[in-house]
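Student: with the sequence up front, the predicted model follows.
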Amino acid sequence: MADQGLPFWAIRLRDERTKRLWSQKKMARNLINAADAKTRAGLPSIESVQRYVRGYEAGNHMPGDLYAELYCRAFGLSHDALFGAPVRDRETASPRVPTLSDATALTSWLAASNTTQEAIDHLALTAARLAENHTRLPAAQVLGEVVQMHDQIQSLLRSGKQRLAQTRELFKIDSEILAHAGFLLGDLNRDQTAMVYGQAALTCAQEAESNEAIAWAVQSKTARWQGNYEDSATFARKGFEVSAPTPLRAMLASYEARAAGLIGDARRAREALRRADTAAEHLDSSDPGTSVWSFPPPRQALLALSVSTRTGDPDAALRAVAVADAAWTSGTPRTPSTWAQIRVGSGIAHLMKGDLDAALTEVSPMLALEPEFRVATVTRYLDDFAKRLKQKKYYKSPTVAAMLESIYDFNRGALLAKEKEKLGESTA
């Protein structure tokens with residue numbers, strides 16, 4: 001057999017490496033990362049350490065004290081477990097007396113980490129910055145940065161060892177990043193992938209024992225766009241029940257209301273809207289409302305508008321439009337997609353009241369929206385408006401025909417923008 005003639009420690013080093021699915025190069029990198037900063041500065045290149053690893057596993061020579069200690073730290077095993085006598089020899093040996101070096105090695109291993117608290121704090125700040133950019137920059141651009149950050153966190157989690165508290169913090173940040181990616185993927189009409197990211201966000205939150213509300217929010221939104229309205233309402237309620245008193249709590253209640261309205265459950269929709277209003281009363285008025293996790297008055301109004309049109313109450317819908325417009329007039333930042341949806345929702349409400357001219361007047365300005373901001377949440381809403389314009393009573397209207405042509409051009413511009421994104425994208 002290939003192992004015949006190899007020292008037991010060489011076999012053990014190889015087996016511990018392979019069961020972790022590490023290549024010899026990855027082993028070398030992890031040995032270097034296991035050293036403290038001062039020791040690491042004096043180590044040779046990764047290629048040289050990789051040759052050492054190859055030599056150790058071939059049984060050419062046993063690691064010296066330094067590399068034996070690095071192996072113990074990288075594997076999280078004691079010196080005796082890696083380099084001690086085989087089990088059959090231990091059975092006849094006298095019990096080993098614990099030494100000072102055993103405790104020192106364990107303490108060193110526990111303190112070893114491939115990251116620092118400063119680096120984790122920087123990741124958390126970067127996640128918050130990306131959340132703020134959600135409403136300011138095109139979805140495809142933000143998604144690229146979000147996925148890049150997810151890859152960075154995963155590299156830390158998979159490539160070495162952190163303190164337990166650090167690992168939990170990394171999982172918590174990654175949960176938020178994955179959920180943010182799910183929202184962006186939904187905006188780019190990739191609902192199936194968005195749902196998977198939402199599920200991954202939930203898994204990370206559970207691993208970190210952190211709040212799961214964000215993960216439930218992205219799954220609720222995605223399920224709604226997929227037409228799974230009952231699931232959407234259920235996911236939103238689960239998120240609402242575990243959410244802290246943050247803007248997200250009000251958003252989740254609104255998500256449940258919107259899904260309930262699509263099901264046709266007007267009672268549940270109104271009850272959920274009442275909970276959303278109550279939650280919104282306690283929000284920080286100084287929040288600029290630009291983050292993906294914010295829920296400023298215009299976004300609150302948008303969801304109330306949607307519920308009102310679905311439950312057949314155009315007057316309530318127009319009151320919601322007035323709330324959004326008043327907020328923007330008073331200085332609340334105007335995000336392109338929310339503004340566009342409000343204009344379309346207002347058009348739908350006017351159609352419900354039989355006022356075609358007012359409907360066309362409301363919708364026309366948003367048709368100039370830049371292609372990179374024509375996300376799926378906008379184009380799908382506009383499709384609903386177009387369906388209503390195709391009613392028999394509007395067949396002979398030249399203004400309606402012109403509007404339908406403009407809507408076709410608007411959506412075509414959105415599709416062309418997405419094709420350009422695909423040509424240069426590096427994420428799925």
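Tutor: Okay, I see it.
Student: residues making contact with stretch 145-156?
Tutor: 114-115, 123, 126-127, 130, 133, 162, 170, 173-174, 177-178, 180-181, 184, 427 (Cβ atoms under 8 Å, 6 or more residues apart in numbering). (Glycine included, C-beta is placed from N, CA and C.)
Student: pLDDT (mean, whole number) over that stretch?
Tutor: Throughout stretch 145-156, pLDDT has a mean value of 90.
Student: ok, I342 to E16 distance?
Tutor: In this view, I342 and E16 are 60 Å apart by Cβ to Cβ, to the nearest Å.
Student: those two: who's more crowded?
Tutor: I342 (25 against 18; other Cβ atoms under 10 Å).
Student: does that one touch L302 like I think?
Tutor: Yes. Contact criterion Cβ atoms under 8 Å: I342 and L302 qualify, at 5.8 Å.
Student: list the residues that contact both of those two?
Tutor: A324.
Student: for the helix or strand where K25 lies, buried residues please.
Tutor: Secondary structure assignment for K25, by DSSP states H and E: helix 24-34. Neighbour-count burial for helix 24-34 flags 24, 26-34 (criterion: 16 or more other Cβ atoms under 10 Å).
Student: and it, how far out from the chain's middle?
Tutor: 30 Å (Cα atoms, centre = their mean, to the nearest Å).
Student: over to stretch 375-384?
Tutor: Distance of stretch 375-384 from the chain centroid (Cα atoms, centre = their mean) equals 22 Å.
Student: list the buried residues in it.
Tutor: 375-379, 381-382.
Student: what about that stretch, average pLDDT?
Tutor: 89.
Student: pull the residues that contact it.
Tutor: Applying Cβ under 8 Å, 6+ apart, the contact partners of stretch 375-384 are 139, 186-189, 225, 337, 340-341, 344-345, 348, 363, 366, 369, 407, 410-411, 414.
Student: now with 6 Å, please.
Tutor: Residues external to stretch 375-384 that are found in contact with it (Cβ atoms under 6 Å, 6 or more residues apart in numbering): 139, 187, 189, 337, 340-341, 344, 407, 411, 414.
Student: so which of those residues are in helices?
Tutor: 139, 187, 337, 340-341, 344, 407, 411, 414 (DSSP state H).
Student: confidence score at K161?
Tutor: For K161, pLDDT reads 75.
Student: list the contacts of it.
Tutor: Not one residue lies near K161 by Cβ under 6 Å, 6+ apart.
Student: can you give me the helices in the stretch 151-300 of the chain?
Tutor: Shown for the stretch 151-300 of the chain, the helices assigned by DSSP state H, counting those that start in this stretch span residues 164-187, 191-208, 213-225, 229-242, 247-263, 266-281, 297-310.
Student: K353: which of those is closest?
Tutor: Among the helices of the stretch 151-300 of the chain, the nearest to K353 by Cβ to Cβ is helix 297-310 (11.0 Å).
Student: got the angle for the closest one vs helix 247-263?
Tutor: Taking axes from the mean of the first three to the mean of the last three Cα atoms, to 10 degrees, one finds that helix 297-310 is oriented at 20 degrees with respect to helix 247-263.
Student: report the backbone C-alpha coordinates of helix 297-310 in PDB.
Tutor: Only the C-alpha atoms of helix 297-310 are listed here, as PDB (Å, rounded to 0.1, in the frame of the first residue of the first chain):
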ATOM      1  CA  PRO A 297     -43.400  57.900   4.300                       C
ATOM      2  CA  PRO A 298     -43.300  57.600   0.400                       C
ATOM      3  CA  ARG A 299     -42.600  53.800   0.700                       C
ATOM      4  CA  GLN A 300     -45.300  53.500   3.300                       C
ATOM      5  CA  ALA A 301     -47.700  55.300   1.000                       C
ATOM      6  CA  LEU A 302     -46.700  53.100  -1.900                       C
ATOM      7  CA  LEU A 303     -47.700  49.900  -0.100                       C
ATOM      8  CA  ALA A 304     -50.900  51.500   1.300                       C
ATOM      9  CA  LEU A 305     -51.700  52.600  -2.300                       C
ATOM     10  CA  SER A 306     -51.200  49.100  -3.600                       C
ATOM     11  CA  VAL A 307     -53.400  47.600  -0.900                       C
ATOM     12  CA  SER A 308     -56.100  50.200  -1.600                       C
ATOM     13  CA  THR A 309     -56.300  49.600  -5.300                       C
ATOM     14  CA  ARG A 310     -56.400  45.800  -4.700                       C
END
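Student: immediately after that helix, which helix or strand?
Tutor: As assigned by DSSP H and E, the chain's next helix or strand after helix 297-310 is helix 314-329.
Student: on contacts alone, who are the packing partners of that following helix?
Tutor: Counting contacts by 3 or more Cβ pairs under 6 Å, 6 or more residues apart in numbering; DSSP states H and E, helix 314-329 packs against helix 297-310, helix 336-352.
Student: what angle do the longest one and helix 314-329 make?
Tutor: Put plainly, it is helix 336-352. Interaxial angle of helix 336-352 relative to helix 314-329 (the same axes, to 10 degrees): 150 degrees.
Student: give me the mean pLDDT for helix 336-352.
Tutor: 95.
Student: what residue is smack in the middle of the chain?
Tutor: Nearest residue to the geometric centre of the chain (Cα atoms, centre = their mean): L178, 1.8 Å.
Student: hmm, back to that, turn the helices of the stretch 151-300 of the chain into a markdown table, including distance to S397 and mean pLDDT.
Tutor: Below are these laid out as a markdown table (distance: least, Cβ to Cβ, whole Å; pLDDT from 0 to 100):
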| stretch | distance to S397 | mean pLDDT |
| --- | --- | --- |
| helix 164-187 | 32 | 93 |
| helix 191-208 | 34 | 94 |
| helix 213-225 | 30 | 94 |
| helix 229-242 | 32 | 95 |
| helix 247-263 | 28 | 92 |
| helix 266-281 | 31 | 90 |
| helix 297-310 | 21 | 88 |
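Student: sweet, I'm off.
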